[in-house]
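# how would this look folded up:
(chains A and B)
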Amino acid sequence: MKKLARRDSMNARIDVVLRKFRSRMNSYPPGMCPLVLYRSLLQISMNQTCGKCVPCRDGLVEVDRLLCDILNGDADEGTLSRMESMCRMIARTADCAVGVVAADLILDSLREFADEYESHIKNRKCIENVTQTIPCVTMCPAHVDVPGYVALIHAGDCEGAIRKIREKNPFPTACAMVCEHPCERKCRRMIIDEAINIRGLKKYAVDKVSARDAGLPPKNVSTGKSVAVIGAGPSGLTAAYFLSLMGHHVDVYDEHEKPGGMLRYGIPEYRLPKKRLDEDIESILALGDIDMKCGTKIGRDISFEDVRDSHDAVYLGLGAQLGNRMPVEGADGKNVIPAADFLQLVANGNAPDLTGKKVVLIGGGNVAMDAARTAVRLSAETVHVFTRKRDDYTALESEIESAMQEGVRFRTLLSFLNIELDDDNAVRAVWLQPEIVGEYDAYGFVTTEHSSNYPYRFLCDYLILGVGQRSDSAVFEQAGIPTVRGRIDAGLTTEVKDSPGIFSGGDCVTGPSTAINAIAAGQVAAFNIDEYLGYHHKVLSDTPLPAAVPNPCIPTGRAEIEEKDPFERRDNFDFVEMLMTDEEAMRESGRCLRCDYYGCGAMTGGRGE
Amino acid sequence: MICININGRDIETAENFSILDAARANGIKIPTLCYMEGVSDIGMCRLCVVEVEGFKNFLPACRTKAADGMKITTESEELTAYRREMLDLILSNHHLDCMSCAANGTCELQDLCNRYGVKHSSYEGSRREIENKMPVLSDNPFITYDPGKCIHCQRCINVCHTIARNGTLRNGRSGTFHMVDAPFGKGYKLTGCESCGNCASVCPTGALTLKTEEKYRNWEVKKTLTTCPHCATGCQFYLVVKDNKVVNVEPAYGPSNHNRLCVKGRSGSYDFVHSPDRLTDPLIKDRETGEFRKASWEEAIAYTAKRLTEIKEKYGAESLAGFACSRSANEDIYMLQKMVRTCFGSNNTDNCARVCHSATVAGLARTLGSGAMTNPIHDITHDVDCILLVGSNPEEAHPVVGMQIRKAVQTGTRLIVVDPRDIGLTKYADIHLKIRPGTNVAFANGMMHVMIKEDLIDHGYVEKYSEGFDKLKETVEKYTPEYVGEICHIDPKKLVEAARMYATAKKAPIIYCLGVTEHSTGTEGVMCMSDMAVLCGKIGKSGCGVNPLRGQNNVQGACDMGALPTDYPGYQKVDNDEVRQKFEKEWGVSLSPKPGLKATEVFPAAIEGRIKGLYIFGEDPIVTDPDTHHIDKALRSLDFLVVQELFMTKTAAYADVVLPGVSYAEKEGTFTNTERRVQRIRKAVEPTGNARLDTDIITELMNAMGYPQKRLTAAEIMDEIARVTPSFGGISFERLDAGESLQWPCRDKDHKGTPIMHAGAPARGKALLYAVDYKPSNELPDEEYPFILTTGRILYHYNAAAMTSRVQGLMDIAGEGFIEINIRDAREKGISDGERIKVMSRRGEITAVARVGRKVSQGETWMPFHFPDSPVNVLTNAALDEFARIPEYKVCAVRIEKISNEC
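Numbers count the residues shown, from 1 in each chain, chains lettered A, B, ... in the order given. Here you go, the predicted model:
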């Protein structure tokens, strides 16, 4: 008799293990040796051999043996070349992907991690500083003490939590609303169940206690030094905040009417209410010694040279606020607007009336999602998002999901061709080229090519181009600040190339990125400027942490922050997220494993700051 | 045809060819290890990888189809290096005990390593650890599996699954390692493994070997191509001989076996040749003491001739009879019947086809004009739509045919099994009609009733090539499915479906065996099979026909050679004057025009005193014929009995003179298999002791009886056969040795033989649609004897087990007789599985071990006839068929009882 597969068949049981395995992979801690990871990959490949063909079943074993030799310190240069030729042989002679890909993986590693291999062969150890660190602290670009503030929240001390955040990041409220939370990505809790909802807990803290009332770290006495910060966005204000804490005077220049940069003029109200942003900014300014010079544009109201000459150091936090237009005919037509410009119009209270209009968005990033959801709230009849491929949706998945819930329609495999204008010089339609998926590129992303189908005309009344932003850097370029394709040429220390005393970070260096990256840059810049000025000022902590207690590690669900009903939220700009309850916050914060105390966090250098 | 380029050479090749096929066809050598044509192309060894332009990876030539325009490079430095690397890796997990390995000299890995200069592995290997802990599996008496030498090419698994279709060798796993799950360890008897050893014959190394391979090295032996001495499939194989001793059998690519062999053929074909109890000298029985004494050939021949001549003179020619041996060669049989006809002066010659397929010979001759299997085995087991299998258990009785049927039905051929038992093939059968034994005629009439009623018949064929349709239609009218269902104990709906399935299939052979013939209505049963095929126009066409599977290796030949009381060689009738005159002229004596007695009639005639002298060549009727007590009485009634034999059989013990002949391995000759294919047997070893060629014994006896018979070689005898037998007219050793495979009729030197008979029109001109009513079996169960007993064969033994019982391994696997009983009957009688019970019929009583299950229906029992411990023919009924005088082995009434414990 034929049989159906048993529900508890070996395969089904293995699937359970694989789920656990996947979470191990997802929570793979930072600071590990890549070669041992490759060894695991190789082991898995060996596990997956069906045992049929010699190269895969017997060859991979020998590759593993060579890799072990390397890890055991028994290898020489010959080992590498033997491993390489063995892998090449396997990749060329294996029958199926199990063997071919396994060998290719090791060949990749030889290319990608040549330095690590060399270190193992020559020194019998990993490259320096490759030590395991606390995942959340490491992954947060600003290295905020996440386990610390989560513990404070769990102890009921939300003020303390906010102060703990402020030791590294002066935007607890804004980050509570909009941070991309890279800290959650490798949370060790994933080994057990799911990552801690770190952003959710932070939001709970700032909802519970206004950042305005939480208090600030102790400030240094005045140093008499003066630093200019150009741009009052998250990076500029962070730099100003830390410089002020260190006792320096700061002048902040910004062309807009109010400070906040993209947090104010880019992120829509429904995601980050301006009132809430002000709680952070007002706290920063409350430190004193920060002169906000709003409505002041460098090159228009004051020259860069004047600013530079009148300060001991300069921080350029220009951001990237100019929306790109495509180099196609009609890009300057009426009702064609870059997404950043569109969001800024709305933030300034000059929202266009989109009632009854068909809106088209090109692009799939976070800014594009913000624009799409904003268009929905401006009563657009339809909002369509077109992208060339799925990988073009770089926005947070939750943003895409929310946009869908609110009625935004998504179509992929349509590349943008050109804009059709009507007699009024206003957009009438976009032309799109159907695509087909092709091979993957070197970075592992799928490429597309034009399909043989005819281009596709899509009627629209309003076209938003979410295809990137650039910095308003021309004035600085003219003043001799080195740039690369319009971006300030600064390195990981934020020092601008060949320009002593000039520092820069955030979007104007990296291109459009996240708030937390900009904050990290401002923080790094402040410390480096301090050092440039000849000091080693500390930012003092006055918030003791509750003692860590062992966690029973009982698999427990993750408390999510819910959004309001999509139908309720789509016709206004009210904040969309609901509150996390006390009960939820206690359970959620109780899930934290306190990696700052247990495991590598206890080791010197193990924090990942 | 497509064009490819190999190594710069443009080559035209067939579209379905692999790169390897194309290369080989053009003499380009690509090394292979795991690949085996028709068996395995899984691409494990990667030795056959080649470079193909446009592909980054090297591609395995064995499993990559050649495509138009391909540019292929088969040799390069890199390829050679990689091939060496593969061997290196394989060796890393291979036990290098080549010195004591049975495969030394035949090992394909050894050969390739030698060719590529790989002496030992440069790697540690990974499987050794685990494989060292895995036991060598050698509980099976014939086959051993040593995991340490396995290279996991999976040929064995593939041959088991796709060729032998037994499917008991499986893929296994231990951690990351592939394992061969071989059924040769403890409990091997329960695995379903048939011990056919096809796996061992495809193993490229010494991992899977036949135990007998340890006895010799390949360079010490000579191999002789010959024909299997067991069933009539006619498998071709080589006898492997070391020091005048057969030590093994290796398969050959014969037309009926294509390298396959079964357990009997492979492992049961030579031990008996060298058995210590072979007869080495002529024996003469002292009438006073009843003891045998050795005698010289001169004395034995003279004495025998004298006694036979005396009887002939005293009681007349009709008082002498001679039975031929259907296991012996055509040439022997021809000479024997010639002796009976020329020296004895009667037509009292017969062979044991009388008790197996005489009904076929008679029945098919009557309806179609020729009494033999119509189509070749390959033709009816490959690319057919439906097989109607009636009263045949080929998996046991004709295993190599069984393997091919399994393959067909597992790859899409429908199968209708008509059999009272749950034979192995029923698990693949679309329909199993588990009919009551002895109801074949009713079943066939029911089938034909449905075919006619639903108008499924081939009107064109029936009109043009048959006669008797109206009578048949009238006869089968009353055989409605419901009526037949009652007689046969089957579901009428299944019968209707079977009729539709067979009739509407494009290519559908009827394959039948003793379940049809061994009845008191056997000939009628056979004619009904023929009727069904004729009605549907399935005669004379590929994949169709009426196909009896003959029992013994040369039972077809024994009939062909005229060991029949009614026929000279080639079915030329003794009562035809013209024919007789031809033979009188050829043989130089006057011949009797009177048809002789059939074998089953000879015994009663002996009891009645009409037969006084009997010459039995290689038969053992005391064991094989029904109603043993009756045969015992008959043999005791004889004045003089001569037995020409290899062993002191039970029958030989009755003889006055025993003449030691030689086995198939010690002589030249031919066997004719079930599909009428005349195939050579060749002398591989010298005869044992003073045993003599059977043809020489007969020749000397003929001369001693006054007939001037020149001593002829087997080839010369075949020339004489060809001269007097039109259907053998073109057959000669010369042609067979040149590699031709000939199926009679083969009328002259230019005729290629006849694979499919009745092509165009039936041999008879018009096929006879023979209408007959169902008649119940002669002896039906009653209150006293409430069970039906059917007899049959099992895989591991052959006939009276004279050959197979001398193979210890076969006796280990299956060494005792048994009786199958339905579980409900057993419960009722308080009989448990494995218990020895009493079985009684009106004719006698024996004991047997009970096998309780559902294989047989309630009220029915089944016993194999091989085992001396349960001599089932003590029970069977000698009721004879009206036409062929075949006895009703398949149905008699018995009683079963527990053996009481009280002493």
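# hey, let's count contacts and neighbours off CA atoms from now on
Noted.
# strands of the stretch 201-350 of chain A, residue ranges please.
Assigned by DSSP state E, counting those that start in this stretch, the stretch 201-350 of chain A shows strands spanning A:226-230, A:249-254, A:290-294, A:313-316, A:322-323, A:336-338.
# helix or strand next in line after the helix or strand bottoming out on mean pLDDT in chain B, which one?
Lowest mean confidence among the helices and strands of chain B (mean pLDDT, DSSP states H and E): helix B:128-133, at a mean of 82. Next helix or strand after helix B:128-133 toward the C-terminus (DSSP states H and E): strand B:143-145.
# quick one: that following strand to chain centroid distance?
Put simply, strand B:143-145 sits 25 Å off its chain's centre (Cα atoms, centre = their mean, to the nearest Å).
# by contact count, what packs against it?
Here strand B:143-145 touches strand B:208-210, going by 3 or more Cα pairs under 8 Å, 6 or more residues apart in numbering or on different chains; DSSP states H and E.
# what's the first helix or strand after the helix or strand containing residue B:533?
For residue B:533, the host element (DSSP H and E) is helix B:522-535. The helix or strand immediately downstream of helix B:522-535 is strand B:546-548, counting by DSSP H and E.
# tally of neighbours for residue 159?
Here I'm looking at chain A. 24 (other Cα atoms under 10 Å in any protein chain shown).
# chain B was what I was after
Based on other Cα under 10 Å, the number of other residues close to residue B:159 is 26.
# from chain A, how far out is it?
Separation of residue B:159 from chain A (Cα to the nearest Cα, to the nearest Å) stands at 16 Å.
# for that residue, what are its contacts?
Remark: with contacts taken as Cα atoms under 8 Å, 6 or more residues apart in numbering or on different chains, residue B:159 is in contact with B:39, B:40, B:165, B:198, B:199, B:202.
# and the residues you listed, which is closest to chain A?
residue B:40 (12.2 Å; Cα to the nearest Cα).
# tell me the pLDDT of the closest one.
For residue B:40, the pLDDT comes out at 90.
# how many residues are close by the residue nearest to it when sequence neighbours are not counted?
With Cα to Cα, 6 or more residues apart in numbering or on different chains as the measure, residue B:155 is the residue that lies nearest to residue B:40, at 5.6 Å, once sequence neighbours are left out. Neighbour count of residue B:155, defined by other Cα under 10 Å: 23.
# how about residue B:155, what does it touch?
Counted by Cα under 8 Å, 6+ apart, residue B:155 has contacts B:34, B:35, B:36, B:39, B:40, B:199, B:202, B:203.
# could you report the neighbour count for residue 410?
All of this refers to chain A. 15.
# the intended chain is chain B.
When neighbours are counted by other Cα under 10 Å, residue B:410 registers 15.
# most tightly packed of the strands of the stretch 201-350 of chain A?
Comparing the strands of the stretch 201-350 of chain A by mean neighbour count (mean count of other Cα atoms under 10 Å in any protein chain shown), strand A:226-230 comes out on top with a mean of 28.
# how about the strands in the stretch 401-550 of chain A?
Secondary structure of the stretch 401-550 of chain A (DSSP E, counting those that start in this stretch): strands located at A:409-411, A:414-421, A:427-440, A:446-450, A:456-459, A:462-465, A:469-470, A:483-484, A:487-488, A:502-504.
# flag every buried residue along the second one.
It stands for strand A:414-421. For strand A:414-421, the neighbour count (16 or more other Cα atoms under 10 Å in any protein chain shown) marks A:414, A:415, A:416, A:418, A:419, A:420, A:421 as buried.
# near chain B, from these?
When Cα under 8 Å from any Cα of the partner chain is applied, no member of the buried residues of strand A:414-421 is adjacent to chain B.
# residue of the stretch 451-600 of chain A with the smallest distance to chain B?
Residue nearest to chain B within the stretch 451-600 of chain A: residue A:451 (23.8 Å; Cα to the nearest Cα).
# let me know the pLDDT of that residue.
According to the prediction, residue A:451 has pLDDT 92.
# so it touches residue A:434, yeah?
Yes: in this structure, residue A:451 is within contact of residue A:434 by Cα atoms under 8 Å, at 5.7 Å.
# neighbour count winner among the two?
residue A:434 (21 against 14).
# list the contacts for the more buried one?
A:413, A:414, A:415, A:450, A:451, A:452, A:453, A:454, A:455, A:456.
# just the buried residues from these, in PyMOL please.
Burial among the contacts of residue A:434 is assessed by 16+ other Cα under 10 Å; the matching PyMOL selection reads:
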select buried, chain A and resi 413+414+415+450+455+456
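# between the contacts of residue A:434, which is nearest residue B:129?
Nearest to residue B:129 among the contacts of residue A:434, counting by Cα to Cα, is residue A:413 at 53.3 Å.
# so how far is chain B from the closest one?
Applying Cα to the nearest Cα, the value for residue A:413 to chain B is 29 Å.
# surely residue B:768 and residue B:365 touch.
No: the pair residue B:768 / residue B:365 is not scored as a contact, 9.9 Å apart, by Cα under 8 Å.
# which one's more surrounded, those two?
residue B:768 (25 against 19).
# distance check, the more buried one against residue B:363.
As judged by Cα to Cα, to the nearest Å, residue B:768 and residue B:363 stand 10 Å apart.
# do residue A:537 as well
115 Å.
# neighbour-wise, which of these two wins?
Between residue A:537 and residue B:363, counting by other Cα under 10 Å, residue B:363 is the more crowded of the two (28 against 15).
# checking the more buried one next. Helix, strand or coil?
Following DSSP: H, G, I helix; E, B strand; the rest coil, residue B:363 is assigned to helix.
# what lies in contact with the biggest strand by length in chain B?
Ranked by number of residues, the top strand in chain B under DSSP state E is strand B:844-853. Contact partners of strand B:844-853, identified using Cα under 8 Å, 6+ apart, comprise B:629, B:817-823, B:826, B:831-840, B:869-872, B:874-875.
# need the contact list for residue 210.
Using chain A. Going by Cα under 8 Å, 6+ apart, residue A:210 touches residue A:279.
# you looked at the wrong chain, it should be chain B
Residues near residue B:210 by Cα under 8 Å, 6+ apart: B:142, B:143, B:144, B:197, B:200.
# what's across from it in the sheet?
On the basis of DSSP bridges, residue B:210 is bridged to residue B:143.
# would you mind measuring from it to chain A?
Distance of residue B:210 to chain A, computed by Cα to the nearest Cα: 24 Å.
# read off the pLDDT value for that residue.
Predicted confidence (pLDDT) for residue B:210: 95.
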